[in-house]
Every structure is written in C-alpha cells, then in structure tokens.
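Engineer: need the 3D shape of this:
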Amino acid sequence: MRGFGHFIASAETMPKEPHNGESAGRAEWRKGSTKSGPNTEYFFQSADAIFPRRLPLFDVDTDRSYSITTNQADSEILLVDGNTVYYRASDRLYSATITERGLSPSHLIAKDEAIRDAHWAFIKH
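Structural biologist: Next up is the predicted model:
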C-alpha cells in the first residue's frame with residue numbers, strides 16, 4: 001500500500017491456493033535478474049499470494065473506490081497527482097483521469113524495458 005494525499009493505492013491479492021490459479025500476465029514477467037531489477041517470475045512463483053490483475057485505489061475524502069484492471073501481476077500505481085493516476089503494467093506506463101463517474105479510459109504514455117523498474121523515480125525523498 002502507498003498513500004498519495006487522500007488516496008490509498010494497493011494491489012489486489014488472493015491466497016495462493018490451487019483454485020485461485022496463478023498471478024496474471026506470466027508471459028511478460030522478467031525471467032532473470034538484471035542490473036536494474038529482480039527476477040519477477042521467481043518473485044511471483046515464490047510469493048505466498050496470487051496477484052490477479054487489478055489495482056484498487058481508494059479516496060479517503062469521498063469514500064469512493066476505483067479499480068484499474070491491468071491483467072498483469074507486475075503492475076503498480078506510481079503516483080496520483082491531482083485527478084490523474086499514473087500506473088505501470090509490466091514495461092508500460094499509463095495515465096487515467098479520475099472523474100465524477102469513475103476512471104477515464106487509460107492512456108499509454110510510454111513502453112520501454114526501463115519502465116519495469118521506474119517505481120523508485122516516483123517516490124518522494
């Protein structure tokens with residue numbers, strides 16, 4: 001979980017049990033460690049939980065919940081800035097606008113191998 005002002009972001013998880021299947025998006029996971037990041041395939045296979053495909057976002061001020069479907073376990077909300085949420089799914093960076101009706105359709109900003117490990121660039125120091 002991470003906090004962004006009055007928003008709380010997390011990743012959907014489920015217990016690792018045979019009937020829950022496996023974490024989403026296996027074909028896109030990094031298969032080995034690199035200089036810039038860890039072996040995500042090993043992480044998801046050895047984790048105690050399943051990461052299905054959704055990123056929940058909760059607005060504490062309005063008591064509203066939003067959900068971003070990424071179809072990828074290797075995904076995370078990186079930043080909520082005003083009414084824009086930025087998130088990563090594998091090697092892709094997206095944005096979506098938070099509106100009165102919910103989240104707008106996502107907009108692909110960039111696709112690059114470096115995006116897999118870009119989360120550190122969004123953390124305030």
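Engineer: which residues in this structure form helices?
Structural biologist: Secondary structure of the chain (DSSP state H): helices located at 40-46.
Engineer: worst-scoring helix or strand of it, pLDDT-wise?
Structural biologist: One helix or strand of the chain scores below all others by mean pLDDT, DSSP states H and E: helix 40-46, with a mean of 83.
Engineer: okay, buried residues for that one please.
Structural biologist: Within helix 40-46, the residues scored as buried using 16 or more other C-beta atoms under 10 Å are 40-41, 44. C-beta: built from backbone N, CA, C; applies to glycine.
Engineer: can you check stretch 113-125 too?
Structural biologist: Of all the residues in stretch 113-125, those buried under the rule 16+ other C-beta under 10 Å are 115-118.
Engineer: using CSV, write out every CA atom in it.
Structural biologist: Coordinates of each C-alpha in stretch 113-125 appear next as CSV, following Å, rounded to 0.1, in the frame of the first residue of the first chain:
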residue,chain,number,x,y,z
GLU,A,113,12.1,-2.1,-20.6
ALA,A,114,13.3,0.6,-18.1
ILE,A,115,9.7,1.2,-17.0
ARG,A,116,9.7,-2.1,-15.2
ASP,A,117,11.9,-0.5,-12.5
ALA,A,118,10.7,3.1,-12.7
HIS,A,119,8.8,3.0,-9.4
TRP,A,120,11.7,4.5,-7.5
ALA,A,121,11.5,7.6,-9.6
PHE,A,122,8.0,8.4,-8.2
ILE,A,123,8.9,8.1,-4.5
LYS,A,124,9.4,11.4,-2.6
HIS,A,125,12.7,11.5,-0.8
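Engineer: how much space between the spatially most central residue of the chain and Pro56?
Structural biologist: Nearest to the mean C-alpha position of the chain, counting by C-alpha atoms, centre = their mean, stands Glu76 at 1.9 Å. Per C-beta to C-beta, to the nearest Å, Glu76 is found 12 Å from Pro56.
Engineer: overlap of the contact sets of those two?
Structural biologist: Common neighbours of Glu76 and Pro56, using C-beta atoms under 8 Å, 6 or more residues apart in numbering, are 9, 11.
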